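A.B. asks: starting from these lines, generate the structure:
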Amino acid sequence: MEITAAMVKELREKSGAPMMDCKKALTEANGDLEQAIVVLRKRGMATAAKKATRTTGEGVVSSYIHAGGKIGVLLEVNCESDFVARTTEFQGLVHDIAMHIAAVDPRYVRKEDVTASDMEKEKEIYLAQAMASGKPANIAEKMVAGKMGKFYEEVCLLEQPFIKEQSITISQLIATVIGKLGENISVRRFARFKVGDATETVAVAKPQAVAEEKAE
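C.D. replies: Okay, the predicted model is just below:
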């Protein structure tokens, strides 16, 4: 199928990817726009995986106040250079993540940050539910594993479907921007405040994860 300039332009407008990458993705997808977007996302995830160990010593601390002033978020997102931190793409990503946090209220950055006590408590609840339904132990364990995946999606920022585009997770959103900017990007921490709440939600990457990143 012939890949026209109009098709490439449309994909670029939808994905934000470079023109050449859009043309290659369309060629691979035989002109199917939606499949080409999937191709670009997969490449973005692959690029993100390659860059995941690179140190992110720059970035920004940004704030977001939801309309009406009832909910506020402070968020630190890191990248490799001050140049990238000042780009429109990076700033837009930070804004989108902060807005998502305000709307969805995650408790952790990533699933590796979930405390052992929270994890065990959830597993006990799910196992008890499975056993109470009469399932044998081996089936109950599989049910617990499936429910834990849903639990991570509910409480971990990077596992959650992006509020503005439910077909991708926050992790995939970040990977897409990594693919565009060519630098590793990571969420370091956030705090969410809501008027009337006794305590705010504060999430920070585990110390060992930060240490490993700096060691690379």
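A.B. asks: which stretches of the chain form strands?
C.D. replies: Chain-ordered strands for the chain, with DSSP state E as the definition, fall at 58-65, 71-79, 161-162, 165-169, 186-194, 201-204.
A.B. asks: flag the shaky bits of this structure, pLDDT-wise.
C.D. replies: Per-residue confidence of the chain (counting by pLDDT under 70) places the weak regions at 15-17, 44-53, 207-216.
A.B. asks: that one - how does it break down into domains?
C.D. replies: For the chain, whose domains are defined here by automatic domain parsing, the residue ranges read 1-51, 59-114+156-216, 115-152.
A.B. asks: looking at the strands of the chain, which is closest to Tyr108?
C.D. replies: Taking C-beta to C-beta as the criterion, strand 201-204 is the member of those that comes nearest to Tyr108, at 5.2 Å. For the C-beta atoms, the positions are set from N, CA and C on the backbone; glycine is no exception.
A.B. asks: mean neighbour count added to the domains of the chain, as CSV?
C.D. replies: Shown next, in CSV, are the domains of the chain (neighbours: other C-beta atoms under 10 Å):
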stretch, mean neighbour count
domain 1-51, 16
domain 59-114+156-216, 17
domain 115-152, 14
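A.B. asks: ok, back up a step: let me have the strands of the chain in CSV, adding distance to Met119 as columns.
C.D. replies: Shown next, in CSV, are these (distance: least, C-beta to C-beta, whole Å):
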stretch, distance to Met119
strand 58-65, 29
strand 71-79, 24
strand 161-162, 21
strand 165-169, 20
strand 186-194, 20
strand 201-204, 15
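A.B. asks: out of those strands, nearest to Asn30?
C.D. replies: Distance to Asn30, taken as C-beta to C-beta, is lowest for strand 165-169 among these, at 20.9 Å.
A.B. asks: which residues sit in contact with the closest residue to His100 other than its chain neighbours?
C.D. replies: When the adjacent residues along the chain are set aside, His100 lies closest to Ile163, with 4.6 Å between them (C-beta to C-beta, 6 or more residues apart in numbering). Contact analysis of Ile163 by C-beta atoms under 8 Å, 6 or more residues apart in numbering lists 99-100, 103-104.
A.B. asks: if we use 10 Å, what do you get?
C.D. replies: Residues near Ile163 by C-beta atoms under 10 Å, 6 or more residues apart in numbering: 96-97, 99-104, 170.
A.B. asks: residues contacting Val187?
C.D. replies: By C-beta under 10 Å, 6+ apart, the contact list for Val187 reads 56, 59, 75-78, 93-94, 97, 101, 109-110, 157-158, 170-171, 174, 203, 205.
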